[in-house]
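Visitor: Kindly return the folded structure for what I paste below:
(one chain, ligands or ions: 2)
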Amino acid sequence: MFSDHTNSRSPFAFYMLQSANYISLALKMALCILLSISCRKDQVYHQVEKPTPYAITIPRFFPTTLNIPADNPMTVEGIELGRYLFYDGRLSGRTDPDSLMSCSTCHLQAHSFECGIDHPVFSGGHPFGLTGIFTPHYMLPMINLVWTNHGYLWNGKVAATNLSHSMNNLEDLTWMAIVAPHEMNGDTTKVAALFQSINGYPELFKKAFSSDQVTVKNIGRAIAQFVRTLISANSKFDRFMRGDVKLTAAERNGYVLFMTEQGGDCFHCHGGDGNPLFTTNLFYNNGKDSLFFDTGDRYSITGNTIDVGAYKAPTLRNLTFTAPYMNDGRFKTIDEVLAFYNTRLVWSPSISPLMHHIGTGGIRLSPPQLADLKSFLLTLSDSSFISNPAFSSPSKFPDEK
Ligand code: HEC
Ligand code: HEC
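Guide: Ligands and ions are numbered 1, 2, ... in the order given. Coordinates of the predicted model:
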């Protein structure tokens, strides 16, 4: 039907049709050119705005499974922004000098991102928030957290399994720190508005997340990206594993004690040569008490009585910098910790079955053996980590440039 209709057109009409075709062809070509220019412009635009992917270099022998959520890929721009925010005291949502607080107020690089036992304000290493309320527990080091797959915090509350979807991953620690009465005691809406108004920040958000609208979600994403770069893997022990240095006889002996059940028996919970994180990141009651009063232990999360008095086994890396020890900071020195594991274990119904030496109250090593075990623990400290300029406070904030 259609072709019949065309054939019946007069030559004039045909000519008109042809020229109309030419015109429309010309128009189409023009449109194409315009489109391709604008497409290209579009592409260039996106190339400029798209953040630069950042690949974490996995140290030798470290696990290859990383905890990086699909909606927050690591980028150079995200990490840069995260570093500013981590160190910017205005994260509390206030600007007067007495009310500044950021992650770095408590998490100090010199102490493997704990506050340290010699902290001038947080005496004995127990931090408190802007209103003076103490944190429920002492600190955890902020290192190698990109390998934490079983939950953050001493009790593992912030985990993929938490039914509250605002407490699932490292990203969420930021809003939690902002609102916690024992930390910044702030207001997330005010914090976003404040950073929106600070010169330089909106542009950095645009570079990192393709939008200059400052949101608490993107603040959390940027800080999490920075925190995931805090990798410590250059201790003497790492260099020994890579074949670059030798351990002394005492260190070697301590290493064997650490790794054997008849010796120190530490490796089940704290890793070792097969697990260079020096933690399983799992939760155990390691025999400190017989009565339990803390309402923030692992039991408070799982409701399972075998978790009463259980906490995350922290990494044993960088112990030199992270006193005091345990979730309640009860031990001030490594010697005190070793004396505890040696003879002072306490039985309770929920003690971890991996505390094999409970029957004798401890591992019962001789003083020279304990000294060797300590020498080995000291090989796990990484001084290049605490002096790495990439992790330090930026010399200027975005509005000071
Ligand atoms: C007032 C001091 C203080 C401030 C400020 C603070 N933290 Fe913490 N942080 C702590 C303490 C104490 C713990 C251990 C708490 C616990 O598990 O009960 C901790 C634990 C953590 C952990 C868990 C580490 C692990 O191994 O599970 C992360 C991650 C963390 N903080 C991130 C942050 C971030 C990000 C900020 C800034 C947005 C921040 N913190 C601000 C004191 C602080
Ligand atoms: C059953 C598992 C288990 C075994 C075995 C074990 N630990 Fe622990 N360790 C833990 C847990 C859990 C904690 C944290 C407990 C707390 O904070 O209340 C801890 C804490 C520590 C700390 C304090 C770290 C810090 O940053 O506060 C050190 C040091 C330590 N252990 C060393 C050792 C040594 C050395 C051995 C072997 C002699 C050993 N552990 C055996 C589970 C274990």
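Visitor: Could you report the distance from the closest residue to L204 other than its chain neighbours to ligand 2?
Guide: In space, and not counting its chain neighbours, L204 is closest to L81: 4.6 Å by CB to CB, 6 or more residues apart in numbering. C-beta coordinates here come from the backbone N, C-alpha and C atoms, glycine included. L81 sits 29 Å away from ligand 2, going by CB to the nearest ligand atom, to the nearest Å.
Visitor: residues in contact with L81?
Guide: By CB atoms under 8 Å, 6 or more residues apart in numbering, L81 lies in contact with Y201, L204, F205, K207, A208, A222.
Visitor: Let me know whether stretch 322-329 sits next to ligand 2.
Guide: Yes: with CB under 6 Å from any ligand atom as the criterion, ligand 2 is reached by stretch 322-329 at T322, Y325, M326, N327.
Visitor: a markdown table please, covering these and showing pLDDT and neighbour count.
Guide: Formatted as a markdown table, these follow (pLDDT from 0 to 100; neighbours: other CB atoms under 10 Å):
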| residue | pLDDT | neighbour count |
| --- | --- | --- |
| T322 | 98 | 26 |
| Y325 | 98 | 20 |
| M326 | 98 | 17 |
| N327 | 98 | 20 |
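Visitor: Check which residues of the helix or strand containing F385 are buried.
Guide: Applying DSSP states H and E as the criterion places F385 in helix 383-386. Residues F385, I386 are the ones in helix 383-386 that count as buried (16 or more other CB atoms under 10 Å).
Visitor: That one packs against which elements?
Guide: For helix 383-386, there is no helix or strand it packs on, judged by 3 or more CB pairs under 8 Å, 6 or more residues apart in numbering; DSSP states H and E.
Visitor: tell me the mean pLDDT for that helix?
Guide: Mean pLDDT, computed over helix 383-386, is 98.
Visitor: I'd like the distance from the strand or helix carrying the residue nearest to L204 to the chain centre, please.
Guide: If you go by DSSP H and E, L81 is part of helix 76-87. Its chain's C-alpha centre and that of helix 76-87 lie 13 Å apart, by CA atoms, centre = their mean, to the nearest Å.
Visitor: in it, what's buried?
Guide: Going by 16+ other CB under 10 Å, helix 76-87 has these buried residues: E77, G78, I79, E80, L81, G82, R83, Y84, L85, F86, Y87.
Visitor: got the residues you listed as a markdown table, with pLDDT columns?
Guide: As requested, the buried residues of helix 76-87 are exported to a markdown table (pLDDT from 0 to 100):
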| residue | pLDDT |
| --- | --- |
| E77 | 98 |
| G78 | 98 |
| I79 | 98 |
| E80 | 98 |
| L81 | 98 |
| G82 | 98 |
| R83 | 98 |
| Y84 | 98 |
| L85 | 98 |
| F86 | 98 |
| Y87 | 98 |
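Visitor: Please tell me how far L373 sits from L365.
Guide: 7 Å (CB to CB, to the nearest Å).
Visitor: who has more neighbours, the two?
Guide: L373 (27 against 20; other CB atoms under 10 Å).
Visitor: How about the more buried one, nearest residue that isn't a chain neighbour?
Guide: G254 is the one closest to L373 (CB to CB, 6+ apart), at 4.4 Å.
Visitor: Please verify my assumption that the one you found contacts L365.
Guide: No: under the criterion of CB atoms under 8 Å, G254 makes no contact with L365, lying 10.0 Å away.
Visitor: what sits in contact with each of those two?
Guide: L373.
Visitor: got the residues of this structure near ligand 1?
Guide: Proximity of the chain to ligand 1, by CB under 6 Å from any ligand atom, involves residues 101-103, 105-107, 127, 129, 135-137, 139-140, 142, 145, 152-154, 170, 173-174, 177, 183, 223, 227.
Visitor: Out of the residues of stretch 322-329 next to ligand 2, the closest to ligand 1 would be?
Guide: N327 (6.9 Å; CB to the nearest ligand atom).
Visitor: got any residues that touch both of L373 and L365?
Guide: Shared contacts of L373 and L365 (CB under 8 Å, 6+ apart): L257, G263, G264.
Visitor: before we move on, which element is the first one in?
Guide: Assigned by DSSP H and E, L257 falls within helix 249-259.
Visitor: what's the offset of that helix from the middle of its chain?
Guide: With CA atoms, centre = their mean, you get 30 Å for helix 249-259.
Visitor: by contact count, what packs against whatever helix or strand comes next after that helix?
Guide: Downstream of helix 249-259, the first helix or strand assigned by DSSP H and E is helix 267-270. Packed against helix 267-270 by the contact rule (3+ CB pairs under 8 Å, 6+ apart) you find helix 249-259.
Visitor: what residues does the helix it packs on touch?
Guide: Contacts of helix 249-259 (CB under 8 Å, 6+ apart): 236-237, 247, 263-264, 266-267, 270, 272-273, 365, 369, 371-379.
Visitor: Is that helix positioned near ligand 2?
Guide: No: Helix 249-259 does not reach ligand 2 (CB under 6 Å from any ligand atom); its nearest approach is 6.6 Å.
Visitor: Just give the nearest non-adjacent residue to A390, would you?
Guide: T229 (7.1 Å).
Visitor: surely that neighbour meets I56?
Guide: Yes: the pair T229 and I56 qualifies as a contact (CB under 8 Å) at a distance of 7.2 Å.
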